[in-house]
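Student: structure here, sequence nowhere to be found:
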């Protein structure tokens, strides 16, 4: 109110009159006040918090990678919840760099976000403790926080991967390759653990050469796939640790040199057009919109004053058989 | 520096000594100063601007839709240029709502971004004039600004669409349907203009029922496609106005009821896995990373003090023939 009054060159009472639609203000003055309100980014229908704080409330979302389509529905779901609470969403990306994550989180805090939803790249979030103490609500999603306690929403990566690999085993596969994301990333480690559990439960011992965690860079994934396919005892199926790896494997298996090789594939994460490929791709689907929505709702619960101990939600995954995961092994 | 000194409870000289690695500071004091630096979001290797301004420099990117994969490489390119200049990127989405765009832009300005890259949802950006006067550099990308003059980077939507439609005509098509984005969106209008130009240049007059601009909602696109395919004189080919429309058309044409109908398709925008579909999808490809990079570079040029008149870059598109656009008409 003070800022509007100063910018319009009028008193607080005049601003109040204009905002409340009361009489006794000249049309020229009314116009100046409204212009000041617009210029300062107020909106009449914003919540009480906005007027109290002198700017639109906002929450920050720290993503891991702007170019991974997995995060698109997650971001959009967070945005929809924010909007329903009259808050703006501001995003940034850590590009999987812990230093960058910290820099971005602190920059968002310095820009007075009311709360944060974080897909962490770091495994040590003690740097956030002063901000949380200062009242910045924080929820983690997709991966848990490191060395602090906070609300977190995760997919059940372990159970999902175990189910996907057991599905391949049920279709007769014994030599199954695992290509996943970097070790140390929570989801990557959990999915590898799920792979190992399913193999062990079937009495299978994976060769070291069948297990290739690492970068999701296409060249790295393609090289590891080629190595496993061209070995003396080739794998007959792949389980891939996320959608970026799956897309590269689909491309590799569709290459002329591999056409008709009938290698089975189950991928963690669904992706657009998976059902229209030949063969259609069987996936263990997460629901990224559900993750985002739950994380944002936990955040606004905290912003509304909830002070109970941090919560940990684990969301189920869903096996979607489409064809590539039901191919029998070629021996 | 002052903020760090205040937070650490030391003098300016002590902060300077710690930052420059000079002697004469106790290890306890050094630790406190470093913690204050971390908490305030400074990094020693940041640019002079950071120290001058007392916080990390940042630029804002206002997207149209978080869930459209076209914007992923664009965002990432802007982020890479920002990073090369020691700045953070903060994103937000207008969700194609002009009011939301304005609210977001002003919220970012209130949060002291140094500059803005905007994919506009609005056709009136006069609300930005006070911010630009106050020194917030602004560049538009993908769509031009409305009623203000500013740097802008566009793809050549008109020429790209004309080339794509001429390609279908060269393969024998006469009844070509156009399904595009909302009228009033610059890129949508330009692509429709390109469609009409190619038809006119070939002496073809499109029936009104072949032209369907509108929402990119899958149900709307599918309904218009079905109407054109089930007409007494059905279209034999589609030109689609963006990747969201193309993906829906691919899905419709792959449905059992349409299998083998041999309808040709050229889509504006490339998209992931287009080359692995059956048939592979012919597209008029933009280079979203190139758009983002150019926009960000124009922005940092302004932030570095360039004061010449606003520039307008128009980037070429590229026809990528893959199969779906080379199918002959089924008569």
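Tutor: Yes, it's here. Computed from a predicted model, the values in this text were never measured in an experiment.
Student: quick check, residue A:107 in contact with residue B:82.
Tutor: No - judged on CB atoms under 8 Å, residue A:107 makes no contact with residue B:82 at a distance of 11.9 Å. C-beta: built from backbone N, CA, C; applies to glycine.
Student: what touches both of these two?
Tutor: Residues touching both residue A:107 and residue B:82 (CB atoms under 8 Å, 6 or more residues apart in numbering or on different chains): B:58, B:88.
Student: which residues touch the residue nearest the centre of chain A?
Tutor: Residue closest to the average C-alpha location in chain A (CA atoms, centre = their mean): residue A:71, at 4.5 Å. Applying CB under 8 Å, 6+ apart to residue A:71 gives the contacts A:63-65, A:119, A:288.
Student: please apply the same query to residue A:190.
Tutor: A:157-158, A:161.
Student: which element is it on?
Tutor: helix A:186-201 (DSSP states H and E).
Student: tell me which helix or strand comes right after that helix.
Tutor: Using DSSP H and E, the first helix or strand after helix A:186-201 is strand A:211-213.
Student: list of residues touching that next one?
Tutor: Counting by CB under 8 Å, 6+ apart, A:177-183, A:188, A:192, A:195, A:224, A:228, A:241 sit against strand A:211-213.
Student: mind checking which of those residues are in strands?
Tutor: Members of the contacts of strand A:211-213 lying in strands (criterion: DSSP state E): A:177-180.
Student: for these, which one is nearest chain B?
Tutor: Of all the ones in strands among the contacts of strand A:211-213, chain B sits closest to residue A:179, with 18.1 Å by CB to the nearest CB.
Student: show me which residues of the stretch 201-331 of chain A are close to chain B?
Tutor: Applying CB under 8 Å from any CB of the partner chain, one finds that the stretch 201-331 of chain A approaches chain B through A:247, A:250-251, A:254, A:272-273, A:276-278.
Student: can you pull the domain assignment for chain A?
Tutor: A:2-44, A:55-155+A:288-315, A:157-287+A:319-326 (automatic domain parsing).
Student: I figured residue A:161 hits residue A:268, correct?
Tutor: Yes - assessed by CB under 8 Å, residue A:161 is found in contact with residue A:268 at 6.2 Å.
Student: joint contacts of the two?
Tutor: Shared contacts of residue A:161 and residue A:268 (CB under 8 Å, 6+ apart): A:191, A:239, A:241, A:284.
Student: which residues in the stretch 101-250 of chain A form helices?
Tutor: Ranges of helices within the stretch 101-250 of chain A are A:129-133, A:157-170, A:186-201, A:218-229, A:243-254, based on DSSP state H, counting those that start in this stretch.
Student: so for residue A:76, which of those sits nearest?
Tutor: Closest to residue A:76 of the helices of the stretch 101-250 of chain A, according to CB to CB: helix A:243-254, at 16.5 Å.
Student: report the angle between the closest one and strand A:176-180.
Tutor: 130 degrees (axes from the mean of the first three to the mean of the last three CA atoms, to 10 degrees).
Student: what packs against helix A:243-254?
Tutor: Helix A:243-254 sits against strand A:176-180, helix A:218-229, strand A:237-240, strand A:264-268, with contacts defined as 3 or more CB pairs under 8 Å, 6 or more residues apart in numbering or on different chains; DSSP states H and E.
Student: output those as a markdown table; include the columns mean neighbour count and mean pLDDT.
Tutor: Output for the helices and strands packed on helix A:243-254, formatted as a markdown table (neighbours: other CB atoms under 10 Å in any protein chain shown; pLDDT from 0 to 100):
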| stretch | mean neighbour count | mean pLDDT |
| --- | --- | --- |
| strand A:176-180 | 26 | 98 |
| helix A:218-229 | 18 | 98 |
| strand A:237-240 | 30 | 98 |
| strand A:264-268 | 28 | 98 |
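Student: tell me the pLDDT at residue A:278?
Tutor: The model reports residue A:278 with a pLDDT of 94.
Student: neighbours around it, how many?
Tutor: 12 (other CB atoms under 10 Å in any protein chain shown).
Student: and it, what is it in contact with?
Tutor: A:254, B:276, B:278.
Student: closest one to residue B:13 out of those residues, please.
Tutor: Using CB to CB, those come closest to residue B:13 at residue B:276, 63.6 Å.
Student: how far off centre is the helix holding residue A:190?
Tutor: Offset of helix A:186-201 from its chain centre (CA atoms, centre = their mean, to the nearest Å): 20 Å.
Student: kindly report the same for stretch A:232-246.
Tutor: 23 Å.
Student: again with stretch A:167-177
Tutor: 29 Å.
Student: residue A:73 reaches residue B:67, doesn't it?
Tutor: Yes - here residue A:73 lies in contact with residue B:67, judged by CB under 8 Å, at a distance of 6.1 Å.
Student: lowest average pLDDT across the helices of the stretch 101-250 of chain A?
Tutor: helix A:129-133 (a mean of 89).
Student: quick check: buried residues in that helix?
Tutor: For helix A:129-133, a neighbour-count test (16 or more other CB atoms under 10 Å in any protein chain shown) marks A:131-132 as buried.
Student: check whether it comes near chain B.
Tutor: Yes - if you take CB under 8 Å from any CB as the test, helix A:129-133 does meet chain B, through residue A:130.
Student: could you find the closest non-adjacent residue to residue A:155?
Tutor: residue A:286 (4.4 Å; CB to CB, 6 or more residues apart in numbering or on different chains).
Student: try residue A:95
Tutor: residue A:65 (6.6 Å).
Student: about what we covered before: pick out whichever of the ones in strands among the contacts of strand A:211-213 sits closest to residue A:94.
Tutor: residue A:180 (19.5 Å).
Student: gap between the closest one and residue A:238?
Tutor: 10 Å (CB to CB, to the nearest Å).
Student: so which bits of the stretch 1-150 of chain A are right by chain B?
Tutor: So the stretch 1-150 of chain A meets chain B at A:38-41, A:43, A:55-56, A:58, A:66-69, A:72-73, A:75-76, A:79, A:83, A:88-93, A:95, A:99, A:102-104, A:106-112, A:127, A:130 (CB under 8 Å from any CB).
Student: mean confidence score for the helix or strand containing residue A:296?
Tutor: Element membership for residue A:296, per DSSP H and E: helix A:288-303. The predicted model gives helix A:288-303 an average pLDDT of 97.
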